[in-house]
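Visitor: Test case, fold it:
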Amino acid sequence: MPTSSASEARDENGHLIRELHGVTLAHILEYLVAHYGWEGLDERIRINCFAVNPSIKSSLTFLRRTPWARTKVEDLYIHTRTKEVSGEQ
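Guide: Residues are numbered from 1 along each chain as shown. Okay, the predicted model is just below:
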């Protein structure tokens, strides 16, 4: 279902993607790793936890302690999911 603006894009349950309703940081990270891979994440967000021996566990630990990095990861998720549900490539 296309929407009139990206900020109004909704997920399969009808929730606004930008609100991250019920989406855990672990889910966000797993989604982004599946979508981009560790290398792709490192290209988009330059932080060591994506470049040096990356793992979900170590990245979650870092992101939970580092608000600016978590914000970047959440923003990338919102951008990626919005493009996905709106049918953009």
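Visitor: low-confidence ranges in this protein?
Guide: 1-6, 89 (pLDDT under 70).
Visitor: tell me the centre residue of it?
Guide: residue 77 (2.3 Å; CA atoms, centre = their mean).
Visitor: That one in helix, strand or coil?
Guide: Of the three states, residue 77 takes helix under DSSP: H, G, I helix; E, B strand; the rest coil.
Visitor: okay, how far is it across stretch 51-69, tip to tip?
Guide: 14 Å (CA to CA, to the nearest Å).
Visitor: List the buried residues in it.
Guide: Counting neighbours by 16 or more other CB atoms under 10 Å, one finds that the buried residues in stretch 51-69 are 54, 59, 60, 63, 69. No exception for glycine: its C-beta is placed from N, CA and C like everyone else's.
Visitor: Just give the number of residues close to residue 22.
Guide: 9 (other CB atoms under 10 Å).
Visitor: So which of the buried residues of stretch 51-69 belong to strands?
Guide: If you go by DSSP state E, the buried residues of stretch 51-69 have nothing in strands.
Visitor: Find the pair from these with maximum spatial separation.
Guide: 54 and 69 (13.2 Å; CB to CB).
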